[in-house]
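Peer 1: based on what follows, work out the 3D shape:
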Amino acid sequence: MSDTPTIQYTWSIANLERHTADGVVYTAHYRVDATDGVYSSGAYGSIGLEAPAEGDPVIPYSELTPDTVIGWVKEKLGGPEKIDEIHAALEQQILEQRQPTKAAGVPWN
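Peer 2: Numbering: from 1, shown residues only. So this is what the prediction gives:
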């Protein structure tokens, strides 16, 4: 059994941009945060969303939930493969914090 803490990933929606006439969201601003309980890393992004096709159901803006919009974002990003890439990049940042491979400074006071 490993003593290395498991990394937890949290997706959230920071903001939505919408048309006021119909409430259709056209941009979602999202965050992905990763933590192992000691170290953390995060990413912020924005992604454009297409309006629903003619005849498709529209969820009223007031009824949107974080889970619904996060689902849209993940799908638009490219699905599970892209999500894995994002998580891997955040994991690398945490691994670098755990065992740094680079440093800065001068050797004198």
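Peer 1: can I assume residue 87 sits in a helix?
Peer 2: Yes - Residue 87 sits within a helix when classified using DSSP: H, G, I helix; E, B strand; the rest coil.
Peer 1: and for it, the neighbour number?
Peer 2: 15 (other C-beta atoms under 10 Å). Backbone N, C-alpha and C define where each C-beta goes, glycine included.
Peer 1: ok, now residue 36?
Peer 2: Other residues within reach of residue 36, judged by other C-beta under 10 Å, total 17.
Peer 1: wait, what's in contact with it?
Peer 2: For residue 36, the contact set (C-beta atoms under 8 Å, 6 or more residues apart in numbering) comprises 4-8, 94, 98.
Peer 1: quick check: pLDDT value at it.
Peer 2: We have a pLDDT of 97 for residue 36.
Peer 1: grab the nearest non-local neighbour of it.
Peer 2: Using C-beta to C-beta, 6 or more residues apart in numbering and skipping the chain neighbours, the partner closest in space to residue 36 is residue 5 (3.9 Å).
Peer 1: doesn't residue 37 make contact with residue 5?
Peer 2: Yes - look at residue 5 against residue 37 with C-beta atoms under 8 Å: they come within range, at 5.2 Å.
Peer 1: who has more neighbours, those two?
Peer 2: residue 5 (13 against 9).
Peer 1: check contacts around the more buried one.
Peer 2: Residues in contact with residue 5 (C-beta under 8 Å, 6+ apart) are 36-38.
Peer 1: how about the helices in this structure?
Peer 2: Using DSSP state H, the helices found in the chain span residues 66-77, 80-98.
Peer 1: who are the contact partners of residue 37?
Peer 2: Residue 37 touches residue 5, counting by C-beta under 8 Å, 6+ apart.
Peer 1: how about the helices of the chain, which one is nearest residue 28?
Peer 2: helix 66-77 (5.2 Å; C-beta to C-beta).
Peer 1: so which bits of the closest one are buried?
Peer 2: Within helix 66-77, the residues scored as buried using 16 or more other C-beta atoms under 10 Å are 69-70, 72-74, 77.
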